[in-house]
Structure formats: structure tokens, C-alpha cells
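[1] Dropping a prediction and its sequence here:
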Amino acid sequence: MSIMKSRRNFIKLSALGSAALVTTSFKSSKKDKAVINKGPRINKPIVVSTWTAGMQANAEAWKTLKKGGKALDAVQKGVMVVESDPNNQYVGIGGLPDRDGFVTLDACIMDENNRCGAVAFLQDIENPVAVARMVMDKTPHVLLVGEGALQFAKEQGFKTVNLLTEKSKKDWEAWKVKSKYQPVINVENHDTIGMLALDADGNLSGSCTTSGMAYKMHGRVGDSPLIGAGLFVDNEVGAACSTGVGEAVIRIAGSAIVVELMRSGMSPTEACRVAVERIIKKHKNINNLQVGFLALNNKGEHGAYSVYSGFNYALHTREQNEMINAKFNRN
């Protein structure tokens, strides 16, 4: 009898012990799951853009982002403000002309689904980024250039305007007196505005617009409208844009390289640095060769790096609205 009783007690205690173990394991799993799901805080929404004009552009983009709007709409509306500012001589109306006196504009835009549109060597249209958006939304193509881009813009209802302001015309005429037809390279506040944004839904988009290198050869197109060079977006990783001497950026597919470096685990700043070092390595002479990269990953981390000092970018979040000096390779 005592043996049977002991056996029953053993079975009872074993069952209770197993239940306790299951309960403990279940509680532990729930706790672990909560820790795993918590994850790092994503800094969103956020918008960054190149140079001091980026403050003006970011303010406009933020109107869309703070209401929960799409990053794609934000990056378009943001840079359009700068395109429409005649006092900015590097973008849109008022941009400095080529060596023959023609203002030619380039722009591109890209969203979280890798949809993209671009225009190059576009004349007489104030907002090339809006035309690039139309190329993305209404055609099967990515890039339209020259007369074809202008024809398409007119068909979409864009009005033609004289892009050469009196100030830019006078500067061009003064340049012609001394010029040897060498393009002007600016180390600070160069001829591009690139913008990257991460919206409240965690989606990335980017845009890039420029009047190109001042006093360039007629027909020259730089990196700004070229997807993978002047701009690249991959929602799984991040986005990047460039500014400076476009030919140098094109030679290494600069913005795509920055995104791929972030994919490998680099921070935005580190990825930009490695891309800049690659440009320096590929060019025997880097005198006046200023290039800067700006990057934003899908966690809302941002960073920039340039060949020479002087490159800066604008940042706008819920907590910050400021200019940040990029790190650089050389003074």
C-alpha cells in the first residue's frame, strides 16, 4: 500500500513539475518576444538635404512629413521651392548658364518601390523635378532628355519661362571677359540640391535637381539626373545623393555604391567616406575636385562626407532643424 501511494505521489509531483516548467518556459518566451519586438527606435519622419538651401527645402518638405504624408511628395515639394527661387543660382530659374548662355536643367526622383523618373538637358521649364515625377508616373521610361523632355513637359501642362535672370546673365557676361571656357568649380554651396526623406510609415524617397556646372559645355549632363550616380534609394537599406563634380561621381556610380556599403553594415557617414576615398583613388589630380555624399538609412540615421571641407547639409526632425558640417578628407 505504501508503495502504491508513493508511486501516485511521484506521478502527481512529476505532473506538477512539468506544468511549472511549461508555464515558466511560456512566460520566458513571452518576455523574450517582447524584448525582441521592441528593437531600436527608428528616427522618423526625417528629411536631409544638401547645402544651406536645404534649410528652405526641408521646411517645405516638413509640411508634408509632419502630417504623415509620403516621403515621395515631400522630396518633390521640398526641392521645388529652391528651383523656383531666382536668387539661387545653382538650381532652377536663375541658374547659371552654360558657356553659350543657355540655362539647362537636370533632375531625378525615386521612391520606396524603386520607381524613378528623370529629365536632363531640359530648357525653359522652372521645375524639372516635377517633370521627372511625371516621367515616373505617366511613362514607361526613366529618363527623357533635351527637346523630348521639353515636349513631354508641355504636353503635361508645364509653362515655358525664361530661366536666365538678369543677375545670372550679368555674371555670365563678366565670366566671358576673362574665361578660357573652363567650368567654375565651387568647393562650397555647389550646383546641386539633393534631398532624402524617411516618412512616418518608414518609407524612403529621394530627389536631386541642378542647373549643372556653371559655364559648362553646351550639352553637358552631370550625375544629378542619373539614377545610381546622383541619387539612389533602396527601401531595404537606405538612400544616398551626391553633389559636386558629377563626372567623378558617375565614374564610380557613387550613390549606388554608398547604399551598397550601408547594406554591408556601414553607417551612413562611413559609407560616404569610403565612396569619397574611392573617388580620390580613381583620380590622379583632385585639385578643385569637390564631391560630397549624403546618406540616410532606413533607421533614420544620417551622415555625409566630402573630398574637401566646406560641404554641409540641412537636417529636419521633430527635435532638430539645423545645418550640419560634413566630415571631410582634406582641407
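    Sure thing, it's come through. Residues are numbered from 1 along each chain as shown.

[2] Quote the end-to-end distance of stretch 194-204.
    14 Å (Cα to Cα, to the nearest Å).

[3] looking only at pLDDT, what's the mean for that stretch?
    Stretch 194-204 shows a mean pLDDT of 98.

[4] mind checking how far it is from the chain centre?
    9 Å (Cα atoms, centre = their mean, to the nearest Å).

[5] now stretch 73-81
    12 Å.

[6] From the rest of the structure, what touches it?
    45, 47, 49, 56-65, 91, 107, 109, 127, 129-130, 133, 193, 195-197, 199, 205-209 (Cβ atoms under 8 Å, 6 or more residues apart in numbering). Glycine gets a C-beta too; all of them are placed from N, C-alpha and C.

[7] are any of these buried, and which?
    45, 47, 49, 56-58, 60-62, 64-65, 91, 107, 109, 127, 129-130, 133, 193, 195-197, 199, 205-209 (16 or more other Cβ atoms under 10 Å).

[8] Filter these down to the ones in strands?
    Among the buried ones among the contacts of stretch 73-81, the members falling in strands (DSSP state E) are 47, 49, 107, 109, 193, 195-197, 205-209.

[9] I figured residue 233 hits residue 110, correct?
    Yes - with contact defined as Cβ atoms under 8 Å, residue 233 reaches residue 110; the gap is 4.4 Å.

[10] Need the residues touching each of those two.
    116, 205-206, 239.

[11] got a list of what the nearest residue to residue 245 once chain neighbours are set aside touches?
    Spatial nearest neighbour of residue 245, chain neighbours left out: residue 289 (5.3 Å); criterion: Cβ to Cβ, 6 or more residues apart in numbering. Listed by Cβ under 8 Å, 6+ apart, the contact partners of residue 289 are 185, 244-245, 248, 279, 283, 307.

[12] Tell me how far residue 289 lies from residue 251.
    11 Å (Cβ to Cβ, to the nearest Å).

[13] Between these two, which contacts overlap?
    Joint contacts of residue 289 and residue 251 (Cβ under 8 Å, 6+ apart) are residue 279.

[14] Kindly state the beta-bridge partners for the most centrally placed residue in the chain.
    For the chain, residue 196 is the residue whose C-alpha lies nearest the centre (Cα atoms, centre = their mean; 3.5 Å). Beta-bridge partners for residue 196, by DSSP bridges, are residue 48, residue 206.

[15] need the contact list for it.
    Contacts of residue 196 by Cβ under 8 Å, 6+ apart are 47-49, 75, 204-206, 233, 239-241, 294-296, 302.

[16] Going by distance to residue 317, which of those residues wins?
    residue 47 (8.0 Å; Cβ to Cβ).

[17] Identify the residue nearest that closest one in space, chain neighbours excluded?
    In space, residue 47 is closest to residue 197, 4.2 Å off (Cβ to Cβ, 6+ apart).

[18] Please apply the same query to residue 278.
    The nearest residue in space to residue 278 (Cβ to Cβ, 6+ apart) is residue 252, at 5.3 Å.

[19] show me the contacts for that neighbour.
    Residue 252 neighbours (Cβ under 8 Å, 6+ apart): 275, 278-279, 282.

[20] Closest to residue 171 out of those residues?
    Taking those together and measuring to residue 171 by Cβ to Cβ, the closest member is residue 279, at 28.5 Å.

[21] Quick check: that closest one is in a helix.
    Yes - counting by DSSP: H, G, I helix; E, B strand; the rest coil, residue 279 falls inside a helix.

[22] one step back: my guess is the residue nearest to residue 47 contacts residue 54. True?
    No - checked against Cβ under 8 Å, the pair residue 197 and residue 54 is beyond contact range at 11.7 Å.

[23] Overlap in contacts, the two.
    Shared contacts of residue 197 and residue 54, counting by Cβ under 8 Å, 6+ apart, come down to residue 48.

[24] Which elements pack onto the strand or helix carrying residue 314?
    Assessed by DSSP states H and E, residue 314 sits inside strand 312-316. Applying 3 or more Cβ pairs under 8 Å, 6 or more residues apart in numbering; DSSP states H and E, one finds that strand 312-316 makes contact with strand 46-50, helix 53-65, strand 302-308, strand 321-325.

[25] I appreciate the help and will end here.
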